[in-house]
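>>> Pasting the sequence and the predicted model now:
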Amino acid sequence: MTRCNYRSLIVKVKGKRSVMDMENEGQAPQIEYNVGKNNWFFSAPTLAAVVISTAIIVYFAIYMIGDPSIVSKVAGIIACTLYVGYISYYFVMYIHSRRYTTQKAVLTGEYLESYCKDGIKRFALSDIVFSMSYSSSSKLCVITATESDYMVLNCSCSYLFTKGGKEIITPFYELNSFFKNYNDKHVDYIKNRRYGKRNPFNVPHFVFEIEFYTKKAKKFIGKVRDSFPARAGVFERRANWMGKAGYRAKVVGIGGSALSFLEHKMVVFFDHKCGPDLAEYSVLLDGGGVCDFEPGDHLILGDERYQILAVGEVANKNLEALGHAVIKFDGKTSAELPGCFHVEAKEIVEITTGLSVVFC
């Protein structure tokens with residue numbers, strides 16, 4: 001596998017178009033996250049929480065220091081000392097992290113690129129071997145890594161509460177979904193009370209929120225990268241599909257005998273314009289798209305994703321031309337019939353009118 005010279009691909013941003021922008025003219029981004037002039041709003045909820053909590057703790061520490069009890073005085077001094085140290089460390093790292101706040105991120109069929117004050121970093125998708133997400137009440141992060149380097153894309157949750165913030169943050173969610181959906185070893189760390197015990201890393205959350213490129217972060221990412229390696233080439237292949245329509249449809253009708261196939265772990269799809277004899281035994285779809293699917297692609301029914309394991313000789317042709325497909329949820333890796341798609345042997349979602357059906 002050909003490796004990029006990452007050192008030569010980091011250039012300084014000086015308010016002008018980068019060398020890479022000019023060299024890759026015409027490569028339209030498939031996902032582009034751009035904060036524009038809003039990047040000053042970085043981690044506002046976190047800063048507000050820090051200021052409020054600092055005021056409360058300092059107030060009680062002063063109150064305890066003023067108490068005539070020696071125990072209270074000592075406890076107040078210890079609390080004040082520890083918290084001041086904690087806050088000082090946080091703000092030093094916060095100021096340092098401003099250099100690495102993501103101002104723009106671009107995903108195409110060939111590369112992932114990140115822009116920040118420190119410069120521009122690019123990874124060829126074929127070189128990415130690890131992906132991870134981190135989310136908390138104040139920060140969203142997507143971390144990707146090659147065998148020799150890593151990239152942190154970060155976004156403040158503050159945009160959810162600003163005018164036009166939804167338009168800013170939506171592409172970031174799309175970036176996150178791209179890596180999360182197509183990497184079966186993607187690490188998803190959610191920091192809140194419900195998921196608090198899901199952190200197996202034993203590192204402070206600072207590593208995810210402000211310590212983007214410290215020695216501690218580098219050591220941590222190197223460790224989890226080796227523990228959760230992605231399948232070779234998975235991101236490059238999936239990004240190449242992003243620019244294609246795939247096949248998208250909705251269930252608009254269910255034949256009287258269509259659901260009887262479920263007991264055989266099978267669903268039969270047909271376009272809603274088919275004749276009544278076929279409609280009686282089919283789940284009827286309204287939609288369409290370009291079909292050239294193969295093992296490794298996915299079928300998405302509603303919110304449930306199934307990996308395609310085998311594709312019959314005429315399955316793609318039938319789906320594109322007739323809206324017809326036979327889906328077998330049996331986990332087999334070789335097609336039994338020419339018109340069959342075999343997918344993972346997972347529980348079949350409830351088939352109802354309005355259910356979305358996507359091949360991608």
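On my side now, so go ahead.
>>> average model confidence for the helix of greatest length in the chain?
Across the chain, the longest stretch assigned as helix under DSSP state H is helix 70-97. For helix 70-97, mean pLDDT is 77.
>>> In that helix, which residues are buried?
Under the neighbour-count criterion of 16 or more other CB atoms under 10 Å, helix 70-97 has 75-76, 79-80, 87, 90, 93-94, 97 buried. For every residue, glycine as well, the C-beta is placed using N, CA and C.
>>> Include distance to residue 275 when you put the residues you listed into a markdown table, please.
Converted to a markdown table, those look like this (distance: CB to CB, whole Å):
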| residue | distance to residue 275 |
| --- | --- |
| 75 | 82 |
| 76 | 83 |
| 79 | 78 |
| 80 | 80 |
| 87 | 72 |
| 90 | 68 |
| 93 | 67 |
| 94 | 66 |
| 97 | 63 |
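>>> what does the domain assignment say about this structure?
17-40+101-237, 43-98, 244-359 (automatic domain parsing).
>>> ok, residue 72 - contacts?
64-65 (CB atoms under 8 Å, 6 or more residues apart in numbering).
>>> For it, give its distance to residue 53.
From residue 72 across to residue 53, the span is 20 Å (CB to CB, to the nearest Å).
>>> The residue nearest the centre of the chain: which element?
When CA atoms, centre = their mean is applied to the chain, the residue found nearest the centroid is residue 176 (1.8 Å). Assigned by DSSP states H and E, residue 176 belongs to helix 165-182.
>>> May I see the buried residues of that helix?
Here helix 165-182 shows 165, 168-169, 171-173, 175-176, 178-180, 182 as buried, counting by 16+ other CB under 10 Å.
>>> In JSON lines, list these along with distance to residue 216 and pLDDT.
Below are the buried residues of helix 165-182 laid out as JSON lines (distance: CB to CB, whole Å; pLDDT from 0 to 100):
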{"residue": "165", "distance to residue 216": "31", "pLDDT": "76"}
{"residue": "168", "distance to residue 216": "29", "pLDDT": "81"}
{"residue": "169", "distance to residue 216": "27", "pLDDT": "85"}
{"residue": "171", "distance to residue 216": "29", "pLDDT": "87"}
{"residue": "172", "distance to residue 216": "24", "pLDDT": "87"}
{"residue": "173", "distance to residue 216": "27", "pLDDT": "86"}
{"residue": "175", "distance to residue 216": "24", "pLDDT": "86"}
{"residue": "176", "distance to residue 216": "23", "pLDDT": "85"}
{"residue": "178", "distance to residue 216": "27", "pLDDT": "82"}
{"residue": "179", "distance to residue 216": "23", "pLDDT": "85"}
{"residue": "180", "distance to residue 216": "24", "pLDDT": "80"}
{"residue": "182", "distance to residue 216": "29", "pLDDT": "74"}
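>>> Looking at those, which is nearest residue 260?
residue 182 (33.7 Å; CB to CB).
>>> measure the closest one to residue 326 for me?
25 Å.
>>> Show me what the helix or strand just after the helix holding residue 176 is packed up against.
The helix or strand immediately downstream of helix 165-182 is strand 187-190, counting by DSSP H and E. Contacts defined by 3 or more CB pairs under 8 Å, 6 or more residues apart in numbering; DSSP states H and E place strand 187-190 against strand 130-135.
>>> From the buried residues of helix 165-182, pick the one nearest residue 131.
Using CB to CB, those come closest to residue 131 at residue 179, 3.9 Å.
>>> which ones are touching the closest one?
Each residue near residue 179 by CB under 8 Å, 6+ apart is listed here: 131, 133, 142, 144, 186, 235.
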